[in-house]
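> Next comes the sequence, and after it the predicted model I'd like to discuss.
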Amino acid sequence: MPTSGNSLPPLPPSRHSSPPVDDRPLNCQRRRGGMVFVIIALALLLAIGFFFLTNQRREDAQSRAITDAAETVDNAARSVGDAAQRAMDKLRDREPKKD
């Protein structure tokens with residue numbers, strides 16, 4: 001039996017078939033690509049909106065915390081002022097009146 005110079009046995013047929021061919025018209029293929037773009041754009045818009053909403057809430061919380069701290073300082077200053085006023089009134093009441 002003559003050999004053809006190829007000592008390797010022939011390869012078995014591939015189990016993988018060729019990639020599926022898209023037989024749809026070109027305008028349907030483009031429409032599908034457009035839908036993917038619209039879905040991605042919508043997801044991006046939703047993500048940006050979520051970022052701005054959460055950022056606004058964070059800023060509101062910071063503003064609220066600053067306002068609460070300022071009110072606490074204001075209340076403390078009023079308390080100190082009231083205490084000073086009462087102390088001054090007590091000292092004034094203790095002084096003998098000079099007539």
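Received, thanks.

> So which residues of this structure form helices?
26-94 (DSSP state H).

> So, low pLDDT: which residues of it?
Applying pLDDT under 70 to the chain picks out residues 1-6, 11-31, 96-99.

> rerun that using 80 as the cut-off
1-34, 95-99 (pLDDT under 80).

> could you list every residue that touches residue 76?
Going by C-beta atoms under 8 Å, 6 or more residues apart in numbering, residue 76 touches no other residue. Every C-beta, even on glycine, is put in place using the N, C-alpha and C of the backbone.

> Now do it against residue 82, distance only.
Applying C-beta to C-beta, to the nearest Å, the value for residue 76 to residue 82 is 11 Å.

> likewise residue 65?
In terms of C-beta to C-beta, residue 65 sits 26 Å off from residue 82.

> Equivalent analysis for residue 7, please.
According to C-beta to C-beta, residue 7 and residue 82 sit 108 Å apart.

> Those two: who's more crowded?
Between residue 7 and residue 82, counted using other C-beta atoms under 10 Å, the more crowded position is residue 82 (10 against 6).
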